[in-house]
Structure formats: C-alpha cells, structure tokens
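In: sequence first, predicted coordinates after that:
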Amino acid sequence: MKSHEVILKTGKRNQVAESEMIGIKGELSSAVADTEIVTTSIEYKTGLIIVEDSTNNDSALFNVYNDGGTGTSAKVSGGTVFTATKDTAASINVFYDATAEAIQIQNLTGGAIDLTAKALV
C-alpha cells in the first residue's frame, strides 16, 4: 500500500496510508461569463469545496453536506463576493441544484471570471 509523508501541526512528520488521505472527487476549471451558471462534477456528498476566482484573486471554502437526500452548501471562509445562495446579486454563488444533482456555480459579478473549484471528500 502506498503511503505519503504529512507534516502535522506540531511539526512532526508522519506516514499516512493513501487510503486515509483526502481525495479530490470533483473539479471544475472554466472561464465563466457574467450571469452564467456552470454545473460541476461535484456531487452533494459531505466534504469541502475550494472555489477560486483567479481573475480577481479571491477564493472561498465551502462545507457541503447531504441533509437527507438534499445537498446543502455553506460558506466557511473567504472573500465577501462568494455566497451559498443562488441568485445573490454581485456575487459568485455556490449552491446545490436538485435537478442537476450537483453543485453549481453562478457568476453574477458583472464580468467574466476564470474559475476553479475542487472538492475534497
């Protein structure tokens, strides 16, 4: 079994089995026009999503969880332009869409952006 060296908060080095590591389960890298909604390959499983707007050098971290068959996203930290609610004006909105059964990202910033989203589950 493969293992990787990780550095703990204490500074101590530790070997961790690959099966114990966080895996990337979905990713999106795209130019997104103003008012456009993009569907990611990120399902509504419990985990974290890192979203980066490289055009404006801003990013945010979202907690995503399955609350009984419905996906929910909540912003943990990051720039004020990011929200977890669809159709919030002047924002980048990261939310679960039931029809797509995936996380969607909506650009309402007023201009095109270069966007990257990665899921860690």
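Out: On my side now, so go ahead. None of these values were measured; they are calculated from a predicted model. Residues are numbered from 1 along each chain as shown.
In: what about the chain, any weak spots by pLDDT?
Out: For the chain, applying pLDDT under 70 flags the ranges 1-27, 43-45, 68-70, 121.
In: hang on, residue 93 packs against residue 106?
Out: Yes: using C-beta atoms under 8 Å, residue 93 is in contact with residue 106, at 4.2 Å. No exception for glycine: its C-beta is placed from N, CA and C like everyone else's.
In: between the two, what contacts are shared?
Out: Taking C-beta atoms under 8 Å, 6 or more residues apart in numbering as the contact criterion, the common neighbours of residue 93 and residue 106 are 86-87.
In: count the neighbours of residue 56 for me.
Out: Applying other C-beta atoms under 10 Å, we find 14 other residues in the vicinity of residue 56.
In: can you give me the helices in the chain?
Out: With DSSP state H as the criterion, the chain has no helices.
In: all strands in the protein, in order from the N-terminus.
Out: Taking DSSP state E, the strands of the chain run over residues 3-7, 13-17, 24-32, 37-39, 47-53, 58-66, 71-78, 82-83, 92-97, 102-107, 113-120.
In: just want the angle from the fifth one to strand 102-107.
Out: Put simply, strand 47-53 runs at 20 degrees to strand 102-107, going by axes from the mean of the first three to the mean of the last three C-alpha atoms, to 10 degrees.
In: extract the CA atoms of strand 47-53 and return them as CSV.
Out: Below are the C-alpha coordinates for strand 47-53, written out as CSV (Å, rounded to 0.1, in the frame of the first residue of the first chain):
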residue,chain,number,x,y,z
GLY,A,47,-16.9,17.4,2.2
LEU,A,48,-15.3,20.7,1.3
ILE,A,49,-15.1,22.7,-1.9
ILE,A,50,-12.4,25.3,-2.6
VAL,A,51,-13.5,27.9,-5.2
GLU,A,52,-11.1,30.3,-6.7
ASP,A,53,-11.8,33.4,-8.9
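In: who touches it?
Out: Looking at strand 47-53 with C-beta under 8 Å, 6+ apart, the contacting residues turn out to be 25, 42, 58-65, 73, 76, 78-79, 81-82, 92, 94, 103, 105, 109, 113-121.
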